[in-house]
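1. Here is a sequence with its predicted model. Questions after.
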Amino acid sequence: MKPKYALTLFIWMLMSSLAATAPAQDSIKIAFIEGLSGPFANVGEIGLRHYQIATEAVSARGGVLGGKKLEIVPFDSKTNPQEALLVLRQAIDQGIRYIAQGNGSSVALALADGVAKHNARNPEKSVVFLNYAAVDPVLTNDKCTFWHFRFDADGDMKMRALTNYMATQKGIKKVYLINQDYSFGQAVAKSARAMLNAKRPDVEIVGDDLHPLGRVKDFSPYVAKIKATGADSVITGNWGNDLALLVKAGKDAGLKVDYYTYYAGAASVVTAIGDAGVGHVKQVTTWHANIGGKGAAEHTVAYRARFPDVRDDLYFSSVRVAIDALAVAMEKAKSADPAKVAGAMEGLKLEDDSGEVTIRADNHQLIQPLYVSTLVHANGKDVKFDVEKTGLGFRTDARIEGKDTVMPTTCKMQRP
């Protein structure tokens, strides 16, 4: 072997040896497990961008535990529970101890169960699940676990706020329910019927449809049914393309209803409905760009500056709160150990754009204000920011304080 090649080989072997014995990594990884392909890929990509900017903000502030960065590692679940469990195993095998997911409560239920079972078998390699958007109430009730934290309001909390608002709208006479046929959509339909009946027994529920999740390409048959009933309002928990295609079909058919939604401000829905939705499309959310205050404006502008080439805007305040809570809890625990961090997150109080938010200790549900808002033309004043560069934005109709969103829980948590 020639001397220069022998020297090169020696240096390569030395570097490899040093790498193998290097101190602990300087980043704490979070596995982002979402549908990054398939019918909801656009929603997954939006969530990924939210996690990227949230973790970058923490790292820019100096990171955690003496300078460690938070790093997002994406995994494609195809919005499928079985696929999600497979990539959960891959993430764990790579040494990742924190996971994030939100799109699809069926996926979240599978992950929560998978994480709990893994942790019971491997307490020394425990994993914490940060849920930013899966809102089936059962996740913080009968199916709660110590390792799962939800940073969005659950479906019943949102429906309570939405129906409180609807109860004041005397023009509502006939309501049609249309939802995705899985755990969350079924929960929305059930709670909408129960809460409307209790608050407005004079309102007639004229239809209640469940449709396959992510499989309907043409909603015109559903829209025809809605139109035939004479409904003046539609309640839907649909999200992603299932909501965008629904409202687009309604627009094309000239359907004159008010849409009461959970997710109108996300994933191309406003683009799909356009001016036809002005004054008629409403949402209940934990945040929107026009809630007022310095923080909401700064976060909106920062997201647009970070991702100038996409149409979507900041939407999931739950992602920011989840990452901030994780960072604060790590400092409080003086550790990145998931069991210690999970304990530190219980009862944690944080300041966000809407004010103080709190993680319930008894079921790990975030308590925060909720907003009911209506799609209108942006005016540079109370509706300063539009959505998806459409010239349309959301105007707050009502703010519901966090204490007024609290629901009873059936959670009986088993702690390690």
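-> Cool, the structure landed.

2. What are the boundaries of the strands in the stretch 1-150 of the chain?
-> 27-34, 69-76, 98-101, 128-131, 148-150 (DSSP state E, counting those that start in this stretch).

3. so which of those strands comes closest to A322?
-> strand 128-131 (4.6 Å; C-beta to C-beta). Where you see a C-beta, it was placed from the backbone N, CA and C, and this is true even at glycine.

4. Which neighbours in the sheet does that closest one have, and how are they oriented?
-> strand 98-101 (parallel), strand 148-150 (parallel) (DSSP bridges).

5. Could you save those strands as CSV and add columns showing mean neighbour count and mean pLDDT?
-> Shown next, in CSV, are the strands paired with strand 128-131 (neighbours: other C-beta atoms under 10 Å; pLDDT from 0 to 100):
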stretch, mean neighbour count, mean pLDDT
strand 98-101, 27, 98
strand 148-150, 27, 98
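
6. mind listing what the most centrally placed residue in the chain touches?
-> What sits nearest the mean C-alpha location of the chain, by C-alpha atoms, centre = their mean, is A133, with 2.3 Å. Contacts for A133 (C-beta atoms under 8 Å, 6 or more residues apart in numbering) come out as 47, 102-103, 152, 316, 318.

7. from these, which ones fall inside helices?
-> Per DSSP state H, helices hold the following members of those: 47, 318.

8. Name the nearest of the contacts of A133 relative to P221.
-> N103 (25.4 Å).

9. still on that earlier bit, any chance of the strands of the stretch 1-150 of the chain in a markdown table with distance to D202 as columns?
-> Formatted as a markdown table, those follow (distance: least, C-beta to C-beta, whole Å):
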| stretch | distance to D202 |
| --- | --- |
| strand 27-34 | 42 |
| strand 69-76 | 47 |
| strand 98-101 | 40 |
| strand 128-131 | 37 |
| strand 148-150 | 34 |
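
10. Nearest to V301 among these would be which one?
-> Closest to V301 of the strands of the stretch 1-150 of the chain is strand 69-76 (C-beta to C-beta; 21.7 Å).

11. Give me the sheet partners of the closest one and which way each runs.
-> Assessed with DSSP bridges, strand 69-76 is paired to strand 27-34 (parallel).

12. Now do the partner strand: everything it contacts.
-> Residues outside strand 27-34 that contact it (C-beta under 8 Å, 6+ apart) are 43-44, 47-48, 51, 55, 64-65, 68-77, 79, 84, 87-88, 91, 94-103, 107, 111, 130, 326, 330, 336.

13. Now restrict those residues to buried residues only.
-> Among these, the ones that count as buried by 16 or more other C-beta atoms under 10 Å are 43-44, 47-48, 51, 55, 64, 68-77, 79, 84, 87-88, 91, 96-103, 107, 111, 130, 326, 330, 336.

14. Quickly list the domain ranges of the chain.
-> Under the assignment automatic domain parsing, the domains of the chain span 27-153+312-367, 156-288+369-404.

15. Include distance to R306 when you put the ones you listed into a markdown table, please.
-> Listed next are the domains of the chain as a markdown table, based on distance: least, C-beta to C-beta, whole Å:
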| stretch | distance to R306 |
| --- | --- |
| domain 27-153+312-367 | 5 |
| domain 156-288+369-404 | 15 |
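
16. Would you mind listing the residues in contact with N131?
-> With contacts defined as C-beta under 8 Å, 6+ apart, N131 is in contact with 100-102, 108, 112, 139, 148-152.

17. which of these lies closest to D352?
-> Of these, the one sitting nearest to D352 (C-beta to C-beta) turns out to be F151, at 10.1 Å.

18. Near the closest residue to the closest one other than its chain neighbours, how many other residues are there?
-> Nearest residue to F151, sequence neighbours excluded (C-beta to C-beta, 6 or more residues apart in numbering): S318, at 3.9 Å. S318 has 28 neighbours, counted by other C-beta atoms under 10 Å.

19. and the gap between S318 and R360?
-> 15 Å (C-beta to C-beta, to the nearest Å).

20. wait, A266 sits on V43?
-> Yes. At 7.1 Å, A266 counts as touching V43 under the criterion of C-beta atoms under 8 Å.

21. anything in contact with each of these two?
-> The contact lists of A266 and V43 share 239-240, where a contact means C-beta under 8 Å, 6+ apart.
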